[in-house]
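K.L.:
Test case, fold it:
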Amino acid sequence: MVGKGMSESPTLEKRLLAEFIGTFMFVFLGAGSSVGAFVVFGSTNPAVALLIAALGNGIGLGISISATLGISGGALNPAVTIGLLVGGKLPAKDVVPYIVAEVFGAILAAFSLVAIAPRAAGNSVNWGAPGLGGGESVAAAIALETVLTFFLVFVVYGTIVESRGQQLAGLAVGLIVLAEVFIGGPLTGAAMNPARATGPLIVAAIFAKYNTYNMWFIDWTGPIIGAIVAGLVWRAMKMKNPAH
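P.N.:
Purely as a prediction, here's the structure:
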């Protein structure tokens with residue numbers, strides 16, 4: 001378990017439930033903010049839509065991490081889960097169950113939005129699914145998602161993993177996501193999270209007839225590479241210097 005704030009480590013079943021609920025909450029709030037922004041403002045003010053999406057994703061993730069940190073470690077992201085494995089902070093046997101719980105939480109959140117939100121509004125924003133913009137190529141999009149996820153996982157290590165920073169974990173991770181959505185939102189959707197991308201992409205493909213072909217590859221490849229590099233860098237930084 002990543003977090004160190006509990007006297008007893010919760011069972012795997014309890015940790016998976018926390019990952020499922022936390023990812024559901026994050027995706028529902030993050031993707032739902034895009035739908036809500038369209039209901040209120042329509043498509044006439046992209047700057048306002050970007051601001052609301054950034055706030056929805058940043059605040060939603062910060063709250064979700066704070067709620068699950070003491071149970072599962074608050075990964076809520078397959079890329080973060082893999083990054084924690086690489087850094088030696090999550091057992092290998094927990095990785096696949098964590099990822100399955102996260103992805104299913106994201107999918108249920110996306111279908112829940114479809115069930116309760118105006119269909120026309122959701123379809124207009126592809127249910128909060130990431131997408132290429134600004135003439136970005138697939139290669140450039142993968143590179144950007146790699147860099148953004150590196151920053152995200154580096155902050156996760158500096159707060160969630162390091163006990164001295166855990167009190168600021170939800171705030172710090174939420175703020176880095178908020179800032180990164182301002183940068184990457186118009187270019188790639190700034191998913192930085194394969195689960196966050198997968199749920200909305202599925203419902204967008206079904207209900208909005210959104211062509212998701214390139215995004216699957218981008219939103220799994222870039223974040224996983226960035227998370228692996230961050231885990232390796234953090235592990236190297238924390239290694240004790242050899243005796244001279």
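K.L.:
pLDDT on the helix or strand that contains residue 18, on average?
P.N.:
Assigned by DSSP states H and E, residue 18 belongs to helix 12-41. Across helix 12-41, pLDDT averages out at 96.
K.L.:
Stretch 129-136 too?
P.N.:
For stretch 129-136, the per-residue pLDDT averages 89.
K.L.:
can you check stretch 165-175 too?
P.N.:
For stretch 165-175, mean pLDDT is 89.
K.L.:
Please name the residues that touch residue 149.
P.N.:
By Cβ atoms under 8 Å, 6 or more residues apart in numbering, the contact set of residue 149 is 79, 192-193, 222-227, 230. For glycine as for every other residue, the C-beta is placed from the backbone atoms N, C-alpha and C.
K.L.:
re earlier: please pull up the helix or strand immediately following the helix holding residue 18.
P.N.:
Counting by DSSP H and E, what follows helix 12-41 is helix 46-72.
K.L.:
Run the angle between the strand or helix carrying residue 142 and helix 46-72 for me.
P.N.:
Assigned by DSSP H and E, residue 142 belongs to helix 138-156. If you take axes from the mean of the first three to the mean of the last three Cα atoms, to 10 degrees, helix 138-156 sits at 50 degrees to helix 46-72.
K.L.:
And helix 138-156, what's buried?
P.N.:
Of the residues in helix 138-156, 138, 141-156 count as buried by neighbour count, 16 or more other Cβ atoms under 10 Å.
K.L.:
I'd assumed residue 31 was in contact with residue 109.
P.N.:
Yes - the pair residue 109 / residue 31 is scored as a contact, 7.0 Å apart, by Cβ atoms under 8 Å.
K.L.:
Mutual contacts of those two, please.
P.N.:
Common neighbours of residue 109 and residue 31 (Cβ under 8 Å, 6+ apart) are residue 199.
K.L.:
Point out where the protein drops to low pLDDT.
P.N.:
1-8, 44, 240-244 (pLDDT under 70).
K.L.:
Point to the residue nearest the middle of this protein.
P.N.:
Central residue of the chain (Cα atoms, centre = their mean): residue 193, 3.6 Å from the mean position.
K.L.:
Next, the contact list for the closest residue to that residue other than its chain neighbours, please.
P.N.:
Spatial nearest neighbour of residue 193, chain neighbours left out: residue 77 (4.3 Å); criterion: Cβ to Cβ, 6 or more residues apart in numbering. Taking Cβ under 8 Å, 6+ apart, we find residue 77 in contact with 23, 102, 192-196, 223.
K.L.:
Tell me which helix or strand comes right after the strand or helix carrying residue 202.
P.N.:
Using DSSP H and E, residue 202 maps to helix 194-207. For helix 194-207, the succeeding helix or strand toward the C-terminus, using DSSP H and E, is helix 213-238.
K.L.:
Between helix 138-156 and that next one, find me the angle.
P.N.:
40 degrees.
K.L.:
For helix 213-238, enumerate the helices and strands it packs against.
P.N.:
Packing contacts for helix 213-238, counted by 3 or more Cβ pairs under 8 Å, 6 or more residues apart in numbering; DSSP states H and E, involve helix 78-86, helix 138-156, helix 194-207.
K.L.:
Among those, which comes closest to residue 129?
P.N.:
Of all the helices and strands packed on helix 213-238, the one in closest proximity to residue 129, counting by Cβ to Cβ, is helix 194-207 (3.7 Å).
K.L.:
Report the inter-axis angle for the closest one versus helix 78-86.
P.N.:
150 degrees.
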